[in-house]
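[1] sequence first, predicted model second:
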Amino acid sequence: MTSRWRLPQHDYWSTPFAESLLRHLDLRPGATVLDVAGGHGIPAFYVAEQVGPGGQVLSLDVSAGQVARARAIQGSHLPWLRFECIDMRALPADLPGYDRITGNLSVMFFRPNRFDVIQGLADHLNPGGQMVLTFPSLGTFDSLWRRVDQEMATWGLLAERRRLDAYIAERPSAEEGREWLNRAGLHRIEAAEYPLEVATGPGQALLHHPLLRGGFLDDVFECFDDQRVAERVMTQVSEDLDGVLPLIAQRCVLTGWKPVSGT
Ligand SMILES: C[S@@+](CC[C@H](N)C(=O)[O-])C[C@H]1O[C@@H](n2cnc3c(N)ncnc32)[C@H](O)[C@@H]1O
């Protein structure tokens with residue numbers, strides 16, 4: 001089938017994660033799909049085109065701005081695809097069951113109790129249905145965190161090192177994800193990881209890297225008591241590219257199936 005709604009080729013974060021999600025997603029015409037943390041439609045547009053007019057896709061996001069952006073991109077296309085502003089941690093009780101549940105770059109937003117969110121999603125999966133979620137798993141950008149920790153140690157920043165440690169440990173591992181799907185009663189579970197190398201230059205190129213600045217480096221800056229010290233430590237780190245590269249993210253795909261009763 002030719003695709004009009006391909007994944008955006010110039011998105012160097014969502015698209016590679018969505019590609020790994022689609023590697024595991026069993027998509028077929030006529031399926032109903034719930035897409036959580038849908039953003040502005042990766043991979044909802046692609047999925048909607050694949051399921052066709054006999055299917056239904058509901059893509060949820062908690063941000064009204066993201067939903068508005070997705071609807072603007074959609075216009076009058078793919079009328080069996082809907083974007084709604086809903087918190088995936090508190091799904092409406094009247095939401096029906098779906099054949100597939102997808103969530104690209106979603107699991108990190110399942111806080112504070114990630115298992116409860118997975119269980120809530122599994123409750124909305126039809127028997128025989130599949131869930132596929134992606135997130136950057138434990139190990140993502142470890143070379144950078146090690147170098148930051150080393151620099152913090154040089155500066156004698158004990159409290160900052162403890163906070164950095166806690167920040168790193170908070171990232172879920174693939175194994176933890178597998179365990180959640182298992183506890184939620186899914187079977188044929190896979191927790192696969194695909195490395196993604198992120199290119200960067202030294203100095204400002206690293207400190208203002210579009211993938212790193214939001215969500216990763218901002219969190220590290222929050223580990224510091226004094227932002228002037230943070231700037232100096234991080235500038236030092238950013239100038240030592242050899243100590244940081246290769247910069248690898250782990251694309252984790254969690255997938256499992258809801259048993260058909262009796263199987
Ligand atoms: C990293 S983006 C991923 C968006 C899209 N799936 C993609 O691959 O480009 C994560 C999205 O999750 C949304 N989000 C965060 N917390 C959420 C929640 N509790 N319920 C629904 N969406 C949420 C954010 O607004 C954001 O659009």
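    Yep, that arrived.

[2] mind checking pLDDT for Met1?
    pLDDT, the model's per-residue confidence, is 59 for Met1.

[3] where does this structure have low pLDDT?
    Scanning the chain for pLDDT under 70 picks out 1-2, 262-263.

[4] name the residue of it that lies nearest to the ligand.
    Gly39 (2.5 Å; Cβ to the nearest ligand atom). To be clear about C-beta, it is placed using only N, CA and C from the backbone, and glycine gets the same treatment.

[5] what's the helix or strand for that residue?
    Using DSSP states H and E, Gly39 falls within no helix or strand.

[6] distance of Arg6 from Gly41?
    Per Cβ to Cβ, to the nearest Å, Arg6 is found 12 Å from Gly41.

[7] neighbour count: those two, which is higher?
    Gly41 (28 against 11; other Cβ atoms under 10 Å).

[8] what about that one, which SS state?
    The three-state assignment at Gly41 reads coil, by DSSP: H, G, I helix; E, B strand; the rest coil.

[9] and it, its phi and psi?
    Main-chain torsions, Gly41, degrees, to the nearest 10: phi 110, psi 20.

[10] residues in contact with the nearest residue to it once chain neighbours are set aside?
    Nearest non-adjacent residue to Gly41, counting by Cβ to Cβ, 6 or more residues apart in numbering: Ala70, 4.6 Å away. Going by Cβ atoms under 8 Å, 6 or more residues apart in numbering, Ala70 touches Gly38, Gly39, His40, Gly41, Ala44, Ser59, Asp61, Phe83.

[11] would you mind listing what in the protein touches the ligand?
    Neighbours of the ligand within the chain, by Cβ under 6 Å from any ligand atom: 14, 18, 37-39, 42, 60-63, 66, 87-89, 104-105, 109.
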